[in-house]
Structures are given as C-alpha cells and as structure tokens.
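Asks: make a model of this:
(chains A and B)
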Amino acid sequence: MSELVPEPRQKPAVPMKPMGINANLLGYIGIDTIIEQMRKKTMKTGFDFNIMVVGQSGLGKSTLVNTLFKSQVSRKSSGWNREEKIPKTVEIKAIGHVIEEGGVKMKLTVIDTPGFGDQINNENCWEPIEKYINEQYEKFLKEEVNIARKKRIPDTRVHCCLYFISPTGHSLRPLDLEFMKHLSKVVNIIPVIAKADTMTLEEKTEFKQRVRKELEVNGIEFYPQKEFDEDLEDKTENDKIRESMPFAVVGSDKEYQVNGKRVLGRKTPWGIIEVENLTHCEFALLRDFVIRTHLQDLKEVTHNIHYETYRAKRLNDNGGLPPMTVETEENHESNL
Amino acid sequence: MSKQQPAQFTNPETPGYVGFANLPNQVHRKSVKKGFEFTLMVVGESGLGKSTLINSLFLTDLYPERIIPGAAEKIERTVQIEASTVEIEERGVKLRLTVVDTPGYSDAINCRDCFKTIISYIDEQFERYLHDESGLNRRHIIDNRVHCCFYFISPFGHGLKPLDVEFMKAIHNKVNIVPVIAKADTLSLKERERLKKRILDEIEEHGIKIYHLPDAESDEDEDFKEQTRLLKTSIPFCVVGSNQLIEAKGKKVRGRLYPWGVVEVENPEHNDFLKLRTMLITHMQDLQEVTQDLHYENFRSERLKRGGRKIEDEEANKDQILLEKEAELRRMQEMIARMQAQMQMQMHSGEGDSSAVQGHHV
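Replies: Presented below is the predicted three-dimensional model:
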C-alpha cells in the first residue's frame, strides 16, 4: 500500500488511444513483468498479518493457531503456564513472530483474548476487544495524517478475527450473537466451530446449518461479506465458501503414524483423528481459505473498508479535519 | 444342620432360632410393593448432552417433543425448572424416577442470578417435606426432595469455570453433588486424566463437598470392594451418552459413529458410563439416606432455628414498642398541658401582650 508510484511523464511515450482488452500489441513490451517486480519487492519487504482469536477458554484457540502456521506461535508456547487461572477481566495479549517460507517473510502477530466469556457476568466483555481494534485503527490514522510520514507504516490493525463457537450441537449462545453483532462491523470475523471431533457428521451438518441461519436472521455478516464481492467470479467463489462456513475444525500439534505417513492428529482409543483429512474435519479448508487464497483479500478489506469507515467517522467527528498531534517535534525525530 | 446360616427360614424347629433374621426379607417385600422414589437433578450448560445421557442411563425417552430454542430467544430466557416423572419397572421392582431439568442455566450473558431459581426449588422441596412431616396425616408423604444432582462440567475448558465453582459452593450443603464430565469423546485418555485431576484439585481448593461413595463394609465380598474402590478413583466420571445403535465388530452397540471410529457407550475403555450407572444404581439407597440424614436435617435445623429466633425478636420488639408508646403518651400529655395553659393565658390576655409572650414559657 505504501509503494512508490512513479511520477507521471511529461509526454506520453505511446499515444493514448482507448484500447480493448484484446488489443494486439505489435510485439512484446514487457508490461506483464510488473507482476514479477511486485513479487520481488514483496519478498524483500515481507508483509504483516495480524490475526486475533476470540473464544471461551479451552476451545483450542492456541492449538489451532499453532496448527495453522505449523509453528509455535501462540500464547501457549510463549511461556504461558497451563495451570494459570482464568483472568478476571478480558485481557489482550499480542505475540509477534517472524516466519519465513519460500523466501517470503511474514511478520505474524497473534492477538489472544484470555478471559473472554469465562466470567459469571459476561456483560460487555467484548468492549476491551472493540477498544483494542479501534486503537489500532487510531494508531494507523495518526501515522497517516502525519506531515512527515514513515515510508512504511507499521500495520498493527487486526486483519482477521477467528471467533470460536463451542460445539454444543444446539445453537449459538447469546454471548456469541452479541459479540458478532458488535464486531462484524469493525473487523473481519471468521466464525469457526472448535473441537469438532465432538460431533458426528450428521450433527455437524445440522449444527452448521443452524448457525448459518441464526447469523443470517440476526443480520451478522461474517467474512467474506456478501456486499464486498466485486464481480461474478468473486461472488461464485465466495458463495461456495459461505455455504460451507463456519468451518468445523480440529487442531493438533502432535504427529502420529497413519498408513505409513506422519500426520498431525489426535489419538483416541477408538481411532486417530487426522487434522488434515477432509473427511475428518475441515481444518484444511480453513487453512487454504485464510492463508492460501484470501490472505491478501483480508488485508485489503481491512484497509479499504473497515479502516476507511473508522477514518471517515473520526474525520466527521473532528469536523472534517484530520486529528493533529501536538508533539510534532517528537514525530520528526522518530521519522529521521 | 442346626447351627448353620441363621438366614435359613425354613427351619423353625431349630433350637435357639427366633426367626427375626427374616426381617430383611419382609422389608424387601414391602419396599418392592411400595416401589421406590428417586429424584435426580441435572444441571449444566446447554448442549452438554444432559438429556441424551439421562435417556441412555434409564433407557427411556424422557423428552419426546423437544424444541431447542435459538440463541436470540435464549437472551430473554431465565432459568426454568422442568420436572418429568417416569415409572420404570424391572423384575417386579417399580421405580418412580423424577428428573429435574434446568434449561437456561448458564445461557445468559450475565449468569449471576441463574442459580437462585435452582436453590429455591431445592429449598421448596425440603420445605414441603418438612411441612408434611409436621402435619397431622403422615401416611402418604410424597418425597420430592432432590436426592442427587448431576453437575455437568464442560470438557472444553481447562477445569472448573467460575460459574461451576460458585454454583457448587451454593448447593453442596443442600444436595449430593456428583460431578460428571460430559461429551468425553472429545478428550484423549491423557487429557482426561489431566482434566479429572485438575477438577479434583479445584474442588478441594474451594472446599466444595461432593458426594463421596461410602467405603465397602468389611464383610462384603472382594468383587464389591474392588468395584467400590474403582468407582471412587474414577470420580468425576467422563461419560458419553447415546441412544443410537451402531453396528460395530459384528454386533449392535449403542454408540456414536465417527469417520475415524466408533465410540461405544457401554465400553469401559471408552468412557465411564457403566461406572456412572453402577454407582447410581447400587448407591441409590445411600443417596436417599444421605439426603435424609444430612441435607434434610441441616435444612430442618436451620429452618426451625430461624423460626424460633423470629419469636424472640418479636418479644424484644414488643418491649421496645411499649416503651416508645409510653414516651409518646407522656409527650402528648405535656403538649395538652401546655395548650391548656396557653388557652388560660389567652383568656386572661385581654390585659396586655406581655402575657402572650409569657405563655410560651412552660
């Protein structure tokens, strides 16, 4: 987003004629190498991805994040003691890691929310989370309206929020509804059915249908939101995904031997549940969706839609003026 | 033949044989005729498989037309108490089983009041029994007191939730609590052990009194002793409930069919369902006894103590009220005297104003 755009030339190199998509070029120019240039640039700069996990304690959030990124990136692995008590208020814990694959560096931040939904009185327990998300938008906004901007604004905005639904097999809980109602407007929410090895196939399908219907009836738009589908191709692809959401997942960071291969799974007296087997659970679908196909889209929707909504509201409140920071001297120093 | 087991009833000729050894048989016959009553309460979050487990335990269908409300409806709901009674008969022995369900428990966003309804229900049953017991006609007392409470703990957490702790602390002096870990097929064996230990530690830490199985008498046979020991070490029980018959290894078993295998409900290696059922059946009598001897007596003594104290307070109040009334009387008398003096002054006040001023002094 912060790439340098080349200055417009004084005289056009080629006369600007309206050209159709199938115009025949008289020879190869090399415009398509821009993709390769972008790729090289991205590889060098790397990119940020911030994922938040929300749900009651014990639903397997940390394990799932570890499984998603196939590394120990969660709070569980960073010195969190399993014997720790449930915190009395919702806390926000952000842990950053840099992971690399195929020459591409990703600065991954996992934001955990221990204490959510665990108290006796859970009223407004989503407020600290909403505050955190808005704070990140505010930070970004302040950087953006600076006179001397940083070349690459560090992006701490939450790109994706995985909401863990408890697999009761009945329906959503009132807390789930309230949370998603409040937060689907500020962040991309991806609902996930946790610990799906509790349900048989029929129970799973029935539960998913129920959850989808409840979300629809209550007007909750989870990611990918219908209103942001740009063209028909997007729509058909996203429709297919929306039909199979919320994904019923199982997470594990232990490996077992099955049929000669080592697979991630859970061992029980009646069989081994393979995490990446599509007949067992939908983890592979979730992983492909979040990481392999829609990662960039998640960031874009966060930037172009959620952040813009926040920005517009802030500027409106301020009377159309950007919020000026008083400590401009400090900023100058940090920018140099 | 004479000094053998005294339980042999068909030999009244034996010297020294009175025959009261036959008493247990008579009691047995009478009780069988009367039938047994048992009230079981189930408490836990929605969706933990309580109804399925009850149906599996007693091989009945206690909830034929069940409508499960959606989340939006649950927001408005408060905890309700639903009691369903079913008469089960097995080999001539009748059991009148009442299952008290508590839908809505832990559904609300703010669960602070959710156990008040449950506690008042339990107290109500005690109150009713106390009233019947103290009444004139005690022939047909119906025992609706809650003999046992299955508390369902979610397998998804890392132990007890704050709500679990608060609830159990509030009712452990009123009813026998049997903690049960529901939907245990979510957990691997190691996770189960860890969770059980964690829960037991937390129960001890918070001073919660759960129901303890009585030790086997020394004259029981070894099998029974071993069984009791096994049961005691397995608390809390990890159970799986199911009413579906699945084909597994050539025979039909009750279980749950997954793509990766079949969980058999009645397989002791898969879960503790059989242990729970054994415990409930063999200790039904004991549960009733503990309810009568411990919880009900506690309630009764509290109640009567409270009732007595009220009378004492009233007496003290009466004295106080008397004193107050007397003081008021005196004040009124003084006021009347003042007014009379004033009137007299005014009658004579035709001569001069100074007397009016004087009239104020009393």
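
Asks: same for the helix or strand hosting A:Asn134, what does it pack against?
Replies: Following DSSP states H and E, one finds A:Asn134 within helix A:127-144. On a contact count with 3 or more Cβ pairs under 8 Å, 6 or more residues apart in numbering or on different chains; DSSP states H and E, helix A:127-144 meets strand A:47-54, helix A:174-183, helix A:308-317. The way it works is simple: take the backbone N, C-alpha and C, and place the C-beta from them, glycine included.

Asks: got the angle between it and strand A:47-54?
Replies: 160 degrees (axes from the mean of the first three to the mean of the last three Cα atoms, to 10 degrees).

Asks: export helix A:127-144 as CSV, just CAs?
Replies: Provided in CSV are the C-alpha atoms of helix A:127-144 (Å, rounded to 0.1, in the frame of the first residue of the first chain):
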residue,chain,number,x,y,z
GLU,A,127,-15.7,-3.9,24.9
PRO,A,128,-12.0,-4.3,25.6
ILE,A,129,-11.7,-6.1,22.3
GLU,A,130,-13.5,-3.4,20.4
LYS,A,131,-11.4,-0.8,22.1
TYR,A,132,-8.2,-2.6,21.1
ILE,A,133,-9.2,-2.8,17.5
ASN,A,134,-10.2,0.8,17.3
GLU,A,135,-6.9,1.8,19.0
GLN,A,136,-5.0,0.1,16.2
TYR,A,137,-7.0,2.0,13.6
GLU,A,138,-6.3,5.2,15.5
LYS,A,139,-2.6,4.5,15.6
PHE,A,140,-2.6,3.9,11.8
LEU,A,141,-4.7,7.1,11.2
LYS,A,142,-2.3,9.2,13.3
GLU,A,143,0.7,7.9,11.3
GLU,A,144,-1.2,8.5,8.0
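
Asks: about what we covered before: put together a markdown table for the helices and strands packed on helix A:127-144, with mean pLDDT, mean neighbour count and distance to chain B on each row.
Replies: Formatted as a markdown table, those follow (pLDDT from 0 to 100; neighbours: other Cβ atoms under 10 Å in any protein chain shown; distance: least, Cβ to the nearest Cβ, whole Å):
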| stretch | mean pLDDT | mean neighbour count | distance to chain B |
| --- | --- | --- | --- |
| strand A:47-54 | 89 | 22 | 15 |
| helix A:174-183 | 88 | 21 | 4 |
| helix A:308-317 | 88 | 13 | 26 |
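
Asks: show me what from the stretch 51-200 of chain A comes close to chain B.
Replies: A:56-60, A:82, A:86, A:118-123, A:166-178, A:194-195, A:197-198, A:200 (Cβ under 8 Å from any Cβ of the partner chain).

Asks: could you pull out the helices in the chain for me?
Replies: If you meant another chain, say so; for now it's chain A. A:33-45, A:61-68, A:127-144, A:174-183, A:201-217, A:232-244, A:283-287, A:295-301, A:308-317, A:328-335 (DSSP state H).

Asks: think we crossed wires, I meant chain B
Replies: Under the criterion DSSP H, chain B contains helices at B:23-34, B:50-58, B:71-76, B:114-133, B:162-171, B:189-205, B:222-233, B:273-282, B:284-290, B:297-348, B:354-360.

Asks: A:Glu206: which of the ones you listed is closest?
Replies: Of all the helices of chain B, it is helix B:50-58 that lies closest to A:Glu206, at 14.4 Å by Cβ to Cβ.

Asks: now the closest one: average pLDDT?
Replies: Confidence for helix B:50-58, expressed as mean pLDDT, is 83.

Asks: does that helix come close to chain A?
Replies: No. For helix B:50-58, no contact with chain A is found by Cβ under 8 Å from any Cβ; the gap never falls below 9.5 Å.

Asks: centre of the chain versus that helix, how much separation?
Replies: 19 Å (Cα atoms, centre = their mean, to the nearest Å).

Asks: so where is the stretch 201-336 of chain A shaky, pLDDT-wise?
Replies: Judged by pLDDT under 70, the stretch 201-336 of chain A has its weakly predicted residues at A:320-336.

Asks: near chain B, which residues of it?
Replies: Counting by Cβ under 8 Å from any Cβ, the stretch 201-336 of chain A sits next to chain B at A:201, A:210, A:214, A:217-218, A:266-274, A:279-280.

Asks: mind listing which of those are in strands?
Replies: A:266-268, A:271-274 (DSSP state E).

Asks: of the residues you listed, buried ones?
Replies: A:266, A:268, A:271-274 (16 or more other Cβ atoms under 10 Å in any protein chain shown).

Asks: turn those residues into TSV, including distance to B:Met345.
Replies: As requested, these are exported to TSV (distance: Cβ to Cβ, whole Å):
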residue	distance to B:Met345
A:Arg266	102
A:Thr268	103
A:Gly271	108
A:Ile272	109
A:Ile273	104
A:Glu274	108
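
Asks: quick one: which two of those residues are the most distant?
Replies: A:Thr268 and A:Glu274 (11.8 Å).

Asks: common neighbours of those two, please.
Replies: Residues touching both A:Thr268 and A:Glu274 (Cβ atoms under 8 Å, 6 or more residues apart in numbering or on different chains): B:Trp260.

Asks: was I right about A:Thr89 contacting A:Ile129?
Replies: No. If you go by Cβ atoms under 8 Å, A:Thr89 and A:Ile129 don't touch, sitting 11.5 Å apart.

Asks: so between these two, which is more surrounded?
Replies: Counted by other Cβ atoms under 10 Å in any protein chain shown, A:Thr89 and A:Ile129 do not tie: A:Ile129 has more neighbours, with 23 against 10.

Asks: can you pull the contacts of the closest residue to that one other than its chain neighbours?
Replies: In space, and not counting its chain neighbours, A:Ile129 is closest to A:Thr113: 5.9 Å by Cβ to Cβ, 6 or more residues apart in numbering or on different chains. Contact analysis of A:Thr113 by Cβ under 8 Å, 6+ apart lists A:52-54, A:90-93, A:128-129.

Asks: could you dump the ones in strands among the residues of the stretch 201-336 of chain A next to chain B to CSV with distance to A:Gly319?
Replies: Formatted as CSV, these follow (distance: Cβ to Cβ, whole Å):
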residue, distance to A:Gly319
A:Arg266, 57
A:Lys267, 62
A:Thr268, 62
A:Gly271, 64
A:Ile272, 62
A:Ile273, 57
A:Glu274, 58
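
Asks: quick check, nearest of those to A:Tyr28?
Replies: Nearest member of these to A:Tyr28, counting by Cβ to Cβ, is A:Glu274, at 47.7 Å.

Asks: pairing partners for that closest one in the sheet, please.
Replies: A:Gly265 (DSSP bridges).

Asks: which residues sit in contact with it?
Replies: With Cβ under 8 Å, 6+ apart, A:Glu274 has these contacts: A:258, A:263-265, A:280, B:260.

Asks: show me how to select, in PyMOL, the buried members of these.
Replies: Burial among those is assessed by 16+ other Cβ under 10 Å; the matching PyMOL selection reads:
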select buried, (chain A and resi 263+264+265+280) or (chain B and resi 260)
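
Asks: dump the helices and strands packed on helix A:127-144 to CSV, plus distance to B:Arg331.
Replies: Formatted as CSV, the helices and strands packed on helix A:127-144 follow (distance: least, Cβ to Cβ, whole Å):
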stretch, distance to B:Arg331
strand A:47-54, 68
helix A:174-183, 60
helix A:308-317, 65
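
Asks: B:Glu334: which of those is closest?
Replies: Here helix A:174-183 is closest among the helices and strands packed on helix A:127-144 (Cβ to Cβ), at 65.2 Å.

Asks: dihedrals phi and psi, the residue of the stretch 1-150 of chain B at minimum distance from chain A?
Replies: Nearest residue of the stretch 1-150 of chain B to chain A, counting by Cβ to the nearest Cβ: B:Gly47, 2.3 Å away. Reported as degrees, to the nearest 10, the phi and psi values for B:Gly47 are phi 90, psi 10.

Asks: check contacts around it.
Replies: A:166-170.

Asks: measure it to A:Thr198 for me?
Replies: According to Cβ to Cβ, to the nearest Å, B:Gly47 stands 10 Å off from A:Thr198.
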